[in-house]
Every structure is written in structure tokens, then in C-alpha cells.
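Q: sequence plus the predicted model coming up.
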Amino acid sequence: MNKDFSDKLTPLEEDILLAMRLGGELAPESAAEVESAEQAWDTVSENDLPESLKNPVVLAAKIVDGAANNVIDIAPSFVEQEVEQELARAARFGSNIPELIERRMKQDKQRAREEFQKSSSK
């Protein structure tokens, strides 16, 4: 466990974290915890796997083939654009952005979206 973090825990929190770690709910952090977890793990044989996972070549092909179909639209909605503008203005303590700068920002954003769309369609 991270020493800086554990100094701030109550005894109850330490017990809960220990229980979660021993139960496999948290990843081991120290070398001793890793070694203990490795000893506790049961080995998995090919027979334990579902049929869809037994052939790694077919599985990898499915993952690669499916990746092209998982394009995420990053264009924000109108509401998201409004919120983004208001947050940006608030961060500047309400002062306005000069029109030239705002135009450049929009051009940069559009260019980034277009580059992303080109790279994700390859």
C-alpha cells in the first residue's frame, strides 16, 4: 500500500483495505503481496476457457476487425459546446476572448476533429 496514503487511514479503513486485498478486490502493490497473490491463484487450463477464447489467433482477429467499427464521435453536442464556452469564460474571470483568437481556437478544434476522423477511418 502507498505509504503516504496509508498514514492517513483509520484502523477500520486499514482493515477494510486488507480484507479487500486478501479477497482479490484490489491489485497487489508490494512484491510480497504480488508473490502471495500468485501463490493463491489457481492455474487456468485451456479446458477452463469458453470456446470463443480457446483460439488466440481467431480472438485477436475479432478484436482487430471490430476496432474499425468502434468509432467514437467526439463532436460535442450543442449543450456541451455552450457549457464548454461558459466554463472557459469563467476560467478567465468573465473576460471576453478577442474574436480573432476565438476564430483560431474554433479552426484548431475543427482541424483536430478532421485529423482524428481521418486517422480513425484508416
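A: Sure thing, it's come through.
Q: now do the SS call for Phe93.
A: Under DSSP: H, G, I helix; E, B strand; the rest coil, Phe93 falls in the coil class.
Q: count of residues packed around it?
A: Phe93 has 6 neighbours, counted by other C-beta atoms under 10 Å. To be clear about C-beta, it is placed using only N, CA and C from the backbone, and glycine gets the same treatment.
Q: now it: phi and psi?
A: When quoted as degrees, to the nearest 10, the phi and psi of Phe93 stand at phi 60, psi 40.
Q: how about the helices in the chain?
A: Residue ranges of the helices in the chain, as given by DSSP state H, are 3-6, 11-22, 31-40, 56-67, 78-91, 99-120.
Q: of those, which is nearest Pro50?
A: Closest of the helices of the chain to Pro50 is helix 56-67, at 10.6 Å (criterion: C-beta to C-beta).
Q: I'd like the average pLDDT over stretch 114-121.
A: Average pLDDT, stretch 114-121: 81.
Q: C-alpha coordinates for that stretch, CSV please?
A: C-alpha atoms of stretch 114-121 as CSV (Å, rounded to 0.1, in the frame of the first residue of the first chain):
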residue,chain,number,x,y,z
GLU,A,114,-10.9,16.2,-39.0
GLU,A,115,-7.4,14.7,-38.3
PHE,A,116,-9.0,12.3,-35.8
GLN,A,117,-11.7,11.2,-38.2
LYS,A,118,-9.0,10.6,-40.9
SER,A,119,-6.9,8.6,-38.6
SER,A,120,-9.8,6.5,-37.2
SER,A,121,-11.1,5.7,-40.7
